[in-house]
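Enquirer: got a predicted model here, sequence first, then my questions.
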Amino acid sequence: MSVRNKACSLFYFLLKKNFEETKDVERMKLQSTISLCRLLSCEQKVKGYANLRNSLTVVRDYSEQEENATLKEMIVGAVHQVSRLLRFNEQLAENDQNPQVMAELFLKIAHSYFHTPNLLMTWLEALAAHHKKSEAWIEAALVHAQIACIQVEYFLRIQLQQFPVDFYAFHLVFPECNLNSIPEDTIFSEDEFANCTLENIITHLRTAIDLLKKASHFESVLVLYSMLAQIYTAKSMFPDLAECLAQYSQATTGLMKANKETRLFSSYFRVVFIGAMFGEEDGRQFIYRMEAKENLMTVQQYLKNIISKTYGADEEKIEVLGNQKPIDKETLDEKTFYLQVASVTPYKEDVEEKLSPFQLHFNVDKFLFESSIGKGDQQSKKKTIFHVVHSFPYINSRLEITKTEEIILTPLESAIDLIEDRVGKFKAELNVDSHHDVRINQLQQLLQGSVVPMVHEGPLKICETYLSKGERDKHPADQIEKLDVAMSEFIKLCGFGVKLVNQVIELRHLTEYEQFQEMIEKHYKIMREKLKQYLHSDLS
């Protein structure tokens, strides 16, 4: 008898013993599936399935000789579950060069085990490992937060015990964290939640913290430290509490330091796959979350590399199309892979209170792409808003676009939008508690882009076009008034910015900024005098 046949006989024997003791094979089915999940999802994945399939055939043949019909049916079910896992892993192997698609497959597999929480968590752990390999720190952290959430849910809903954390605080880290991962209509075996322990919850929370630190998501780090502090306090784990509070203080210091400097957040890109060569991906469009350092060129090359590795395409058969004109598929080569890639920004509408840069990038499900229409004085703006299926940050770094809406502004509305956007940027830079908080480099760059004509002549040109005596009456009075008010506020904020930079240079003794600041102040005064004649609002 071969080793494989001996192993199959042992597996079949264990299934029968499980049935003799409990009248089902659930324990063996669960443990064998978990073991196979880990084998298939580990770093060194099994890519050849012939031996596994042959073994399953042997087990199935054994079951044909089984006299007990109930046991026979259960063994066939166990074999079917293992076969299903092999099919999942074949899909993973086909896409192992495409990190985002791999993550979607891991997530799909995990969700398919909704009624088996142990397997759900096993595949989520595989997803987290995949993200770590791709250095997608935010996504990996959120997966660990989700696993911790499931285990807390076990104590609250299965054990009916109080657990010393704010359960809903998970949404402050992961906006779409599923707080109902354990189905209510299912009876579970004791083995199903063997990994749901206090120690494992702490481990997952700490792992999430370490990963979020790598991504400089200090706000989320503080939330998780607060949850740990609640656990340590309730369980009288005072040495751990002392260490946790010290680390909380360090993270707070890191957050304040990051906010004083140029803090970079994720960049986002709208990506469309076009062409029959993409198969099921043809015509689908996504928002990709990338690291802050990435730009249009690097993302295009990144996607080309993935397409080349996944589909075996030569680079000359991969073409990037422009974003300004509609695509006529009839004119495209059916043997070519086509892409559209555009940089987009998080979009939040009707927000009454001022948002921090972190808040602008948190729980965001809409993205904005702006393009120009027309030329000269008749140039206007088109805003395209993309809605995605979930909110970023999410447990995958790409989300499919589900809805697109367009807003076409008139030239006057475009001018108002430009000035109001500039006002918003000034308010963000000027909203500081002391001169120590002023980001002088960013403020000087903003001033330069606003008052130096060789760089940005927009405000003066806008006033000449719409606010001069002969032009005001040609446009809607409410929009002219709105532009007048926005322009007046813009000039005042420029003045505040100039004064603040002067004070910071003096208080911090930053002599290296003086010459550049003198040039900015000179141009500010010239622009202010020129704009006075156009504005009805008081500039004092």
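Expert: Thanks, I have it.
Enquirer: dump the residue contacts of the residue nearest the centre of the chain.
Expert: The C-alpha lying nearest the average C-alpha coordinate of the chain belongs to residue 393 (CA atoms, centre = their mean; 3.2 Å). For residue 393, the contacting residues are 138-139, 142, 174-175, 217, 289, 361-362, by CB atoms under 8 Å, 6 or more residues apart in numbering. Using the backbone N, CA and C atoms, a C-beta is placed for each residue, glycine as well.
Enquirer: which one of the residues you listed is nearest to residue 252?
Expert: residue 217 (13.6 Å; CB to CB).
Enquirer: for the closest one, which non-adjacent residue is spatially closest?
Expert: Taking CB to CB, 6 or more residues apart in numbering, and ignoring the residues beside it in sequence, residue 217 has residue 138 as its nearest neighbour in space, at 6.5 Å.
Enquirer: was I right to think that neighbour contacts residue 213?
Expert: No. Applying CB atoms under 8 Å, one finds residue 138 not in contact with residue 213, separated by 11.1 Å.
Enquirer: look at the two and report which has more neighbours.
Expert: Using other CB atoms under 10 Å, the more surrounded residue of residue 138 and residue 213 is residue 138, with 24 against 18.
Enquirer: grab the longest helix from the chain for me.
Expert: Of all the segments assigned as helix in the chain under DSSP state H, the longest by residue count is helix 477-508.
Enquirer: mind listing what's buried along the strand or helix carrying residue 389?
Expert: Residue 389 is part of strand 380-392 when elements are defined by DSSP states H and E. Within strand 380-392, the residues scored as buried using 16 or more other CB atoms under 10 Å are 380-381, 383-386, 388, 392.
Enquirer: okay if I get those as TSV plus pLDDT and distance to residue 427?
Expert: Below are the buried residues of strand 380-392 laid out as TSV (pLDDT from 0 to 100; distance: CB to CB, whole Å):
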residue	pLDDT	distance to residue 427
380	82	25
381	87	21
383	93	21
384	95	26
385	96	23
386	97	26
388	98	28
392	97	24
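Enquirer: can you list those in CSV and add distance to residue 29?
Expert: Output for these, formatted as CSV (distance: CB to CB, whole Å):
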residue, distance to residue 29
380, 63
381, 59
383, 54
384, 50
385, 48
386, 43
388, 37
392, 37
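Enquirer: nearest to residue 112 among the residues you listed?
Expert: Top of the list for closeness to residue 112, among the buried residues of strand 380-392 and by CB to CB, is residue 388 at 22.6 Å.
Enquirer: what ranges do the helices span in the stretch 301-450 of the chain?
Expert: 357-360, 411-430, 440-451 (DSSP state H, counting those that start in this stretch).
Enquirer: and the stretch 101-250 of the chain, by the same measure?
Expert: Counting by DSSP H, counting those that start in this stretch, residue ranges of the helices within the stretch 101-250 of the chain are 117-133, 137-153, 198-214, 218-234, 238-260.
Enquirer: could you give the separation of the second one from the chain centroid?
Expert: Between the centre of helix 137-153 and the centre of its chain there are 14 Å (CA atoms, centre = their mean, to the nearest Å).
Enquirer: same thing with the last one?
Expert: Its chain's average C-alpha position is 24 Å from that of helix 238-260, according to CA atoms, centre = their mean.
Enquirer: report the next helix or strand after it in sequence order.
Expert: By DSSP H and E, the next helix or strand past helix 238-260 is strand 267-274.
Enquirer: what strands flank the very next helix or strand once past that next one, and is each parallel or antiparallel?
Expert: Next along the chain after strand 267-274, taking DSSP H and E as the criterion, comes strand 285-290. Its sheet considered, strand 285-290 pairs with strand 267-274 (antiparallel), strand 398-409 (antiparallel) by DSSP bridges.
Enquirer: buried deepest among the helices of the stretch 101-250 of the chain, which one?
Expert: Scoring those by mean neighbour count under mean count of other CB atoms under 10 Å gives helix 137-153 as the most buried, with a mean of 26.
Enquirer: hang on, the earlier thing: now do the longest helix of the chain: which elements does it pack against?
Expert: Here helix 477-508 touches helix 411-430, helix 440-451, helix 458-462, helix 514-532, going by 3 or more CB pairs under 8 Å, 6 or more residues apart in numbering; DSSP states H and E.
Enquirer: would you list those in TSV and tack on mean pLDDT?
Expert: Formatted as TSV, these follow (pLDDT from 0 to 100):
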stretch	mean pLDDT
helix 411-430	90
helix 440-451	90
helix 458-462	88
helix 514-532	92
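Enquirer: now those in JSON lines, with distance to residue 277 and mean neighbour count?
Expert: Output for the helices and strands packed on helix 477-508, formatted as JSON lines (distance: least, CB to CB, whole Å; neighbours: other CB atoms under 10 Å):
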{"stretch": "helix 411-430", "distance to residue 277": "38", "mean neighbour count": "18"}
{"stretch": "helix 440-451", "distance to residue 277": "43", "mean neighbour count": "18"}
{"stretch": "helix 458-462", "distance to residue 277": "43", "mean neighbour count": "18"}
{"stretch": "helix 514-532", "distance to residue 277": "52", "mean neighbour count": "15"}
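Enquirer: and the angle for the helix or strand of the chain with the lowest mean pLDDT with helix 117-133?
Expert: With mean pLDDT, DSSP states H and E as the measure, the helix or strand of the chain carrying the lowest mean pLDDT is helix 26-41 (a mean of 74). Using axes from the mean of the first three to the mean of the last three CA atoms, to 10 degrees, the direction of helix 26-41 lies 10 degrees away from that of helix 117-133.
Enquirer: what about helix 26-41, distance to the chain center?
Expert: Centroid separation for helix 26-41 versus its chain: 31 Å, with CA atoms, centre = their mean.
Enquirer: let's have the helices of the stretch 301-450 of the chain in CSV, adding distance to residue 86.
Expert: Shown next, in CSV, are those (distance: least, CB to CB, whole Å):
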stretch, distance to residue 86
helix 357-360, 43
helix 411-430, 53
helix 440-451, 54
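Enquirer: how close does the residue nearest to residue 482 when sequence neighbours are not counted sit to residue 312?
Expert: Using CB to CB, 6+ apart and skipping the chain neighbours, the partner closest in space to residue 482 is residue 416 (5.6 Å). From residue 416 across to residue 312, the span is 51 Å (CB to CB, to the nearest Å).
Enquirer: could you find the closest non-adjacent residue to residue 12?
Expert: Distance criterion CB to CB, 6+ apart; nearest residue to residue 12, sequence neighbours excluded, is residue 62 at 4.8 Å.
Enquirer: what about that neighbour, how many residues nearby?
Expert: Counted with other CB under 10 Å, the neighbours of residue 62 add up to 20.
Enquirer: other SSEs contacting the strand or helix carrying it?
Expert: Residue 62 belongs to helix 50-64 when assigned by DSSP H and E. Helix 50-64 sits against helix 3-22, helix 69-94, with contacts defined as 3+ CB pairs under 8 Å, 6+ apart.
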